[in-house]
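**Q** Here is my input; please provide its structure:
(one chain, ligands or ions: 1)
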Amino acid sequence: MLQNNDRNWVDSVIGKITAKLDTVSEKSKHKIPYTTVNGTHDDKATQNVSGFDADGICWWTNGFWGGMLWLMYHETGNGKYKEIANRSEELLDKCFQDFYGLHHDVGFMWLPTSVANYKVTKNPDSRKRALHAANLLAGRFNLAGGFIRAWNDLDEGDTRGWAIIDCMFNIPLLYWATEETGDPRFKQIAMRHADTVMSSFVRPDGSVHHIVEFDPFNGGVVRTFGGQGYADGSSWTRGQTWALYGFMMSYIHTGKEEYLQTAKRIAHYFMANIPEDGVIPLDFRQPAEPKLEDDTAAAIAACGLIEIAKAVGELERELYLNAALKLLRALDERSDWSDENDCIIQRGSEAYHKPRNQHHHAIIYGDYYFMEAMFKLKGNDLYLW
Ligand code: GLY
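**A** Sure thing, here's the model as predicted:
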């Protein structure tokens, strides 16, 4: 799929990833990191928050560290990665007991940990954890509206009718559960949700809403929200990428042609908006100043674009592949490859507005998706979704 100069560049970046993770995995082997503080990984596992607040050990990103370790185990065969991944997966068991801290993000949490572990080692405890999480996710399905409820109630109120675009990355847990058990219910729910997202989130121009509120009793759209983006009607870039790669995930598991076509439509909108320098803003429709950026969106988009390139014919392939390469080369140049910083990707952003207006800092899934994209380009990736 790659030209020689691109292949050499991929090999050199994978060499840098391998060297960095060799050191960082040792330093952080007892942690579940989310970001860095003065260059050192923080630790969500020991943050003393539980219960209704989905933070601390129940934080939605707590599967990505395990995922990075499984990618490294697959790449190197070094048993230390498996050992550390196992430990981080076991730490997540506390969330099943807490329960209230869990919501639709159980896919983000248990696909890169338990499903990954089960795929690689057939660990029966991992299978049990993943099926448990899949049942929790299926239990959030709203029959009237045909959507999976996103969050539990927030401080600002009732979210019984809320669905969010990010959930396209959670529903592969349901596809996996059907593939594993033969019970079609999980896949039926996942496809109903994906169909609702196709009709209610994806706009005609290929951009997507972050949050859609449905009537939880009768179905039908009540209103939309800008969510983590600039405003209602804007285009939060990470949300565009949850949709772009998310529809590819649904296509990979179902073969439903409309999912591929929807992923391509979102990709065309996304590619048309990539700036000359390949640096992705927080929102494609934000004001020119402040110039907020989000490198995590670039990494996720690259993964989705590579998957599209793999699914389409030869005549179309380069379009998607070249866009992915542009994003990934820009990320490589902007990364911190030194031993001074535990994260690779440095300029992730949470949300445009308060209270999550932390901008241009390291976020663990920036590293995860950058690594996933590079291994995809190498051609021997461990597909975890
Ligand atoms: N899933 C929440 C986020 O992308 O920040």
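
**Q** can you pull the contacts of whatever residue of the chain ends up closest to the ligand?
**A** Using C-beta to the nearest ligand atom, the single residue of the chain nearest to the ligand is D166, 3.9 Å away. From N, CA and C alone the C-beta is placed, and that goes for glycine too. By C-beta atoms under 8 Å, 6 or more residues apart in numbering, D166 lies in contact with H104, D105, F108, A150, G239, W242.

**Q** Would you format these as CSV with neighbour count and pLDDT included?
**A** Shown next, in CSV, are the contacts of D166 (neighbours: other C-beta atoms under 10 Å; pLDDT from 0 to 100):
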residue, neighbour count, pLDDT
H104, 26, 98
D105, 24, 98
F108, 23, 98
A150, 23, 98
G239, 27, 98
W242, 27, 99
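
**Q** what sits against the residue nearest to the spatial centre of the chain?
**A** Central residue of the chain (C-alpha atoms, centre = their mean): F169, 5.9 Å from the mean position. F169 is in contact with G107, F108, W242, Y245, G246, M249, W385, counting by C-beta under 8 Å, 6+ apart.

**Q** go again using 10 Å as the cut-off
**A** Going by C-beta atoms under 10 Å, 6 or more residues apart in numbering, F169 touches 104-105, 107-108, 111, 241-243, 245-246, 249, 300, 365, 385.

**Q** Could you list which of these also contact the ligand?
**A** Filtering these for proximity to the ligand by C-beta under 6 Å from any ligand atom leaves nothing.

**Q** Need the buried ones from these selected in ChimeraX.
**A** The buried residues among these can be selected in ChimeraX (16 or more other C-beta atoms under 10 Å) with this line:
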select :104,105,107,108,111,241,242,243,245,246,249,300,365,385
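
**Q** same for the helix or strand where Y251 lies, what does it pack against?
**A** Using DSSP states H and E, Y251 maps to helix 237-254. Judged by 3 or more C-beta pairs under 10 Å, 6 or more residues apart in numbering; DSSP states H and E, helix 237-254 is in contact with helix 172-181, helix 185-200, helix 257-272, helix 295-311, helix 364-378.

**Q** and the last one, which residues are buried?
**A** The reference is to helix 364-378. 364-377.

**Q** export the residues you listed to TSV and tack on pLDDT?
**A** Listed next are the buried residues of helix 364-378 as TSV, based on pLDDT from 0 to 100:
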residue	pLDDT
I364	98
Y365	98
G366	98
D367	98
Y368	98
Y369	98
F370	98
M371	98
E372	98
A373	98
M374	98
F375	98
K376	98
L377	98
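
**Q** who does the helix or strand of the chain with the lowest mean pLDDT touch, helix- and strand-wise?
**A** Ranked by mean pLDDT, DSSP states H and E, the weakest helix or strand in the chain is helix 93-98, scoring a mean of 93. Applying 3+ C-beta pairs under 10 Å, 6+ apart, one finds that helix 93-98 contacts helix 106-110, helix 124-138.

**Q** excluding its backbone neighbours, what's nearest F375?
**A** Nearest in space to F375, with sequence neighbours left out and distances taken as C-beta to C-beta, 6 or more residues apart in numbering, is D381 at 3.9 Å.

**Q** Would you mind confirming that E318 makes contact with A309?
**A** Yes. Under the criterion of C-beta atoms under 10 Å, E318 makes contact with A309 at 7.9 Å.

**Q** sec struct for the residue located most distally from the centre of the chain, please.
**A** No residue in the chain sits farther from the centre than N218, which is 30.4 Å out by C-alpha atoms, centre = their mean. Under DSSP: H, G, I helix; E, B strand; the rest coil, N218 falls in the coil class.

**Q** Which pLDDT does the model give it?
**A** Looking at N218, its pLDDT reads 98.

**Q** List the contacts of it.
**A** N218 sits in contact with A144, G145, G161, where contact means C-beta under 10 Å, 6+ apart.

**Q** what about the last one, how many residues close to it?
**A** It refers to G161. Applying other C-beta atoms under 10 Å, we find 23 residues neighbouring G161.

**Q** wouldn't it be in contact with N142 here?
**A** Yes. Counting by C-beta under 10 Å, G161 does reach N142; the two are 7.6 Å apart.

**Q** Overlap in contacts, those two.
**A** Joint contacts of G161 and N142 (C-beta under 10 Å, 6+ apart) are R149, F214, D215, P216, F217, G219.

**Q** Which of the residues you listed sits closest to Q358?
**A** For those, the closest approach to Q358 (C-beta to C-beta) belongs to R149, at 26.1 Å.

**Q** Next up, phi/psi of W59, please.
**A** Torsion angles at W59 (phi, psi; degrees, to the nearest 10) stand at phi -60, psi 140.
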